[in-house]
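A.B. asks: using only what follows, build the 3D model:
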Amino acid sequence: MGSDSVRNPPPPGPGTGRRLAVLYHRPFAAAYHGGSIHLRGFVERLSRAVPVVVVAPQERVGNRTDDSETADPLMTGFRYLVASSLGAVRFMLRDFLRRPADRCRGIVCFDIYLVGIGVFWSRLRGLPFVYYPQDSTTEVTRRWKEAGYRGGVLFRLTRAPLERIGLANARIVVVPSGAMQAAFEAEGVPPSRIRICTVKRSPPVRDPATIAGWRHRLELNGRRAVVFIGSFQYSPNVRAFEFLRDAVAPELLRTDPELSVVVAGLDSEPYISHRAANLRVLGTVADLDGLLFACSIGVAPMDVGGGTSGKIVDYVLHGLRVLATPEAAAGIEPTAQVEVAPRGDFATRLVEMARALRDHPVDPDDGCDAEFLRRYTESGDIDALGIELRRMVGL
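C.D. replies: So this is what the prediction gives:
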């Protein structure tokens, strides 16, 4: 089923609540946060079949620019969680005051943190509940513990009961990958209740002038760039950057000084001064398309994983060769563009990949693997889910 196989339903009338409420603990409009980008792609396609309202906190204004102070990802997430919980309760009260015929018809929890509120609301009103987790708590907490992240015990204690509640009460559990489907089936979730809806992106369009501008800005004349993108509100991305800065970049400078490492992402501004001869931090970048097209290799060196890495999807769709750790690549369907290597071999494999690209340059017009493009840009899976949800809630 193609991405345009479902007609847009008529928009709801003024003040009507005949729609699905999607609860999310991060700002829906956040331009550079992976989870928000994932949710926007999901909602954009789902709303072709069923009216949707997203209940989420507002984005904070501005980015951090003080190099002397770095953001604490745990505190940032906690502030959003408090704001989103209060916002969800206010929305529930407003919805309750509507005429019964105009109230919301179903609840979707995107990610885990508002599951308690979502299940309470669905039970109170007798509404169908849908759960779309981004990762498996069992898998993620195990990896976070092994990697020694601060707050790992609290992370597990917070998420484990919420996940049990979500899985037990959901009529449908939506997952972004086959790996997550297998993980939840192993935990006893019936396959009949699981639907796979992959991360969605719009196919990027090459703009030669913009790409040339980025290559000039990055001083890439005769050089190749290795790029890492990711929100620095997520601790594993911060640690991945530190690994690139402290271990990979110095080794590349010794073995292949023609390789530059470029880093960009939300709240990376405090690290702009952490530069070396072959490493540069750009901060929050509005034009990721031009930046990615200007680079040759995308990297994902995280030491934990979960769900699907949006950065790997973006790298591949922009035609980059990709090097990722096994943890980062766990939720990605195999493609020839993605190579997997442990951290101990990362710098060596980067040098080998760069050498291969010099010896056998890739035609930028070739784009990415056709099956990968279909899986992560076309909407047949979400179209089918939308039709199912429309019938479930009686719209």
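
A.B. asks: how's the protein carved up into domains?
C.D. replies: 20-200+379-393, 208-374 (automatic domain parsing).

A.B. asks: can I get those domains in TSV with mean pLDDT?
C.D. replies: As requested, the domains of the chain are exported to TSV (pLDDT from 0 to 100):
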stretch	mean pLDDT
domain 20-200+379-393	86
domain 208-374	91
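
A.B. asks: got TSV for those, with mean neighbour count too?
C.D. replies: All C-beta atoms are positioned from the backbone trio N, CA, C, and that covers glycine. TSV is the format used below for the domains of the chain (neighbours: other Cβ atoms under 10 Å):
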stretch	mean neighbour count
domain 20-200+379-393	18
domain 208-374	19
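
A.B. asks: need the strands for the chain, in chain order.
C.D. replies: Taking DSSP state E as the criterion, the chain carries its strands at 20-23, 52-55, 106-110, 129-132, 172-175, 194-196, 224-229, 259-264, 279-281, 297-300, 321-324, 338-340.

A.B. asks: direction included, what does the fifth one pair up with?
C.D. replies: Taking DSSP bridges as the criterion, strand 172-175 forms sheet pairs with strand 129-132 (parallel), strand 194-196 (parallel).

A.B. asks: and the last one, how far from the chain's centre?
C.D. replies: Centroid displacement of strand 194-196 relative to its chain, using Cα atoms, centre = their mean, to the nearest Å, is 18 Å.

A.B. asks: what lies in contact with that strand?
C.D. replies: Among residues not part of strand 194-196, those counted as contacts by Cβ atoms under 8 Å, 6 or more residues apart in numbering are 172-178, 181, 184-185, 381, 384-385, 388.

A.B. asks: repeat that with 7 Å
C.D. replies: I172, V173, V174, V175, S177, G178, Q181, F184, D381, L385 (Cβ atoms under 7 Å, 6 or more residues apart in numbering).

A.B. asks: V175 touches Q181, doesn't it?
C.D. replies: Yes: with contact defined as Cβ atoms under 7 Å, V175 counts as touching Q181 (5.2 Å).

A.B. asks: about what we covered before: got CSV for the strands paired with strand 172-175, with distance to V281 too?
C.D. replies: Output for the strands paired with strand 172-175, formatted as CSV (distance: least, Cβ to Cβ, whole Å):
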stretch, distance to V281
strand 129-132, 32
strand 194-196, 35
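
A.B. asks: select, out of the ones you listed, the one closest to T325.
C.D. replies: strand 194-196 (23.3 Å; Cβ to Cβ).

A.B. asks: returning to what we had before: save the strands of the chain as TSV, and put in distance to R206 too.
C.D. replies: Output for the strands of the chain, formatted as TSV (distance: least, Cβ to Cβ, whole Å):
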stretch	distance to R206
strand 20-23	33
strand 52-55	31
strand 106-110	31
strand 129-132	32
strand 172-175	32
strand 194-196	30
strand 224-229	16
strand 259-264	18
strand 279-281	23
strand 297-300	16
strand 321-324	17
strand 338-340	21
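
A.B. asks: for L244, see how far away the residue nearest in space to the middle of the chain is.
C.D. replies: Central residue of the chain (Cα atoms, centre = their mean): G34, 3.3 Å from the mean position. Distance of G34 to L244, given as Cβ to Cβ, to the nearest Å: 18 Å.

A.B. asks: likewise for R215?
C.D. replies: R215 is 21 Å from L244, by Cβ to Cβ.

A.B. asks: and the longest helix for the chain?
C.D. replies: helix 73-96 (DSSP state H).

A.B. asks: ok, and what's touching that one?
C.D. replies: By Cβ under 7 Å, 6+ apart, helix 73-96 touches 17, 21, 23-26, 55-57, 103-104, 113-114, 117, 121, 151, 233-235, 238.

A.B. asks: again, only using 8 Å
C.D. replies: By Cβ under 8 Å, 6+ apart, helix 73-96 touches 17, 21, 23-27, 55-58, 103-104, 113-114, 117-118, 121, 150-151, 232-235, 238, 267.

A.B. asks: by how many degrees do it and strand 106-110 diverge?
C.D. replies: 170 degrees (axes from the mean of the first three to the mean of the last three Cα atoms, to 10 degrees).

A.B. asks: got the end-to-end distance for stretch 229-248?
C.D. replies: End-to-end distance of stretch 229-248 (Cα to Cα, to the nearest Å): 16 Å.

A.B. asks: contact partners for V52?
C.D. replies: Contacts of V52 by Cβ under 8 Å, 6+ apart are R19, L20, A21, V22, V43, L46, V108.

A.B. asks: among these, which two are most distant?
C.D. replies: So, these by Cβ to Cβ: farthest apart are A21 and L46, at 12.3 Å.

A.B. asks: how about R358, nearest residue that isn't a chain neighbour?
C.D. replies: Closest residue in space to R358, ignoring its immediate chain neighbours: R224 at 7.6 Å, by Cβ to Cβ, 6 or more residues apart in numbering.

A.B. asks: that neighbour is in contact with P257, isn't it?
C.D. replies: No: R224 is beyond contact range of P257, at 11.3 Å (criterion: Cβ atoms under 8 Å).

A.B. asks: contacting residues for A179?
C.D. replies: A179 touches A330, G331, counting by Cβ under 8 Å, 6+ apart.

A.B. asks: now swap in A264 and tell me
C.D. replies: Per Cβ under 8 Å, 6+ apart, neighbours of A264: V227, F228, I229, V281, L282, G283, T284, V285, L288, L291.
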